[in-house]
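Asker: Need a 3D model of the following:
(one chain, ligands or ions: 1)
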Amino acid sequence: MYPYLRNRRLRANESIRRLVRETVITPDDFLVPLFVVEGKGVKEEIPSMPDYYRLSLDELEKEVKQLWNMGLCAVLLFVKVADNLKDNKGKEALNPNGLMQRAIKTVKNVCPDMLVMTDVALDPYSSFGHDGIVKDGRVLNDETSEILAEMSVSHAQAGADFVAPSDMMDGRILMIREALENEGFTDTGIMSYSAKYASAFYGPFRDALDSAPVDAKDIPKDKKTYQMDPANRFEAIKETLMDIDEGADIVMVKPGLCYLDIVREIRNEVDGPVAVYQVSGEYAMLKAAAEKGWLDHDTVMLEQLTAIKRAGANIIASYFAKDAVKLLG
Ligand code: PBG
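Answerer: The predicted structure follows:
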């Protein structure tokens with residue numbers, strides 16, 4: 001057949017490349033994670049996440065308006081909780097006037113159409129930095145899930161569109177769904193972190209929220225008894241299908257880049273939307289390499305985001321959302 005078939009014809013110039021491009025990033029792909037703190041006029045840069053900030057509610061308001069004007073339509077909220085409000089059961093998480101509940105109202109007030117998703121897990125509220133209640137060196141499953149269900153109802157009451165449980169307890173999606181139904185929140189959705197790995201890429205996020213597991217006697221040093229072993233593949237599918245059965249509307253794989261094989265398998269298995277979280281460590285790596293002049297920030301960023309979408313992501317939670325959308329013009 002040579003030389004009649006030449007694949008390079010379809011790569012000859014930018015116009016033909018545009019015409020045959022299979023994967024295109026748009027603002028609609030993104031879920032923007034935001035870190036919220038108490039105070040006024042606070043916009044503090046997170047040391048291990050250059051150009052990413054913790055925002056007080058007034059700054060959150062400005063940020064959300066800006067995101068909306070750029071064409072971004074969904075945010076994922078996280079809060080940094082003061083040490084004196086932390087305890088083993090994350091009691092503050094249920095405070096109807098807590099920072100998360102006020103943050104939800106702030107976003108909805110300034111931008112009613114912005115989709116608000118909220119992180120549901122105990123770690124920012126836990127004095128031990130765990131996603132659940134700790135007892136005798138273990139993280140309790142069912143007792144934790146009950147609190148997560150109450151927390152979800154509290155977020156729904158404040159106006160959240162979707163709750164996003166990131167804790168990896170067994171059975172919590174069902175408990176959350178039932179609690180939401182019982183309280184009449186039939187339209188509040190659940191985005192489940194369904195295949196969340198025990199990854200070292202979450203380091204900068206834990207700096208941002210001061211939420212790392214504490215180093216103390218009888219406190220598990222890591223999250224390996226609930227988050228998944230990075231070595232496992234079948235388990236990711238099992239976890240995801242179970243969460244869908246329990247009532248998850250959107251499922252998620254996390255982290256992103258190292259787990260794109262998992263993303264593709266899950267995309268092939270399920271009918272509903274699949275989200276991917278490009279996590280803090282992935283963000284930090286590129287920022288650091290770009291700062292040193294070793295990688296071209298914008299090109300590598302778009303290549304990574306394209307790879308995540310090509311692997312099968314329908315939604316990308318990413319700290320690069322704004323940077324990317326600016327480039328897309
Ligand atoms: C909390 C939570 C974490 C992340 C999202 N939700 C941290 C963790 O599980 O320790 C990580 C996000 C990131 O690294 O960007 N359960």
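
Asker: Write out the residues of the stretch 51-200 of the chain neighbouring the ligand.
Answerer: 119, 121, 123, 131, 166-167 (C-beta under 6 Å from any ligand atom). C-beta here means a position set from N, CA and C on the backbone, and glycine is covered the same way.

Asker: Which of the residues you listed fall in helices?
Answerer: Among these, no member is found in helices (DSSP state H).

Asker: all helices of the stretch 201-329 of the chain, in order?
Answerer: Ranges of helices in the stretch 201-329 of the chain, per DSSP state H, counting those that start in this stretch, are 203-209, 234-246, 260-269, 280-291, 297-311, 321-328.

Asker: List the buried residues of the last one.
Answerer: Think helix 321-328. 321-325 (16 or more other C-beta atoms under 10 Å).

Asker: What of the fourth one?
Answerer: By neighbour count with 16+ other C-beta under 10 Å, helix 280-291 contains the buried residues 280-287, 290.

Asker: circling back: and the two most separated of the residues of the stretch 51-200 of the chain next to the ligand?
Answerer: Asp119 and Asp131 (10.2 Å; C-beta to C-beta).

Asker: Please say which of the two ends up with more neighbours.
Answerer: Using other C-beta atoms under 10 Å as the criterion, Asp119 and Asp131 rank with Asp131 on top: 27 against 21.

Asker: Spatially nearest residue to the more buried one, not counting backbone neighbours?
Answerer: Asp167 (4.0 Å; C-beta to C-beta, 6 or more residues apart in numbering).

Asker: Counting neighbours, what do you get for that neighbour?
Answerer: Counted with other C-beta under 10 Å, the neighbours of Asp167 add up to 26.

Asker: What does it show for phi and psi?
Answerer: Backbone torsions of Asp167, given as degrees, to the nearest 10, read phi -100, psi -30.

Asker: Isn't it up against Ile133?
Answerer: No. Using C-beta atoms under 8 Å as the test, Asp167 is too far from Ile133 to be in contact (10.9 Å).

Asker: All the strands of this protein, residue numbers only.
Answerer: Secondary structure of the chain (DSSP state E): strands at 30-36, 43-46, 49-55, 74-79, 115-120, 134-135, 138-139, 162-165, 189-196, 250-254, 274-278, 315-318.

Asker: got the buried residues of helix 321-328 as CSV, with pLDDT and distance to Asn88 columns?
Answerer: What follows is the buried residues of helix 321-328, written out as CSV (pLDDT from 0 to 100; distance: C-beta to C-beta, whole Å):
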residue, pLDDT, distance to Asn88
Ala321, 98, 34
Lys322, 98, 36
Asp323, 97, 38
Ala324, 98, 39
Val325, 98, 40
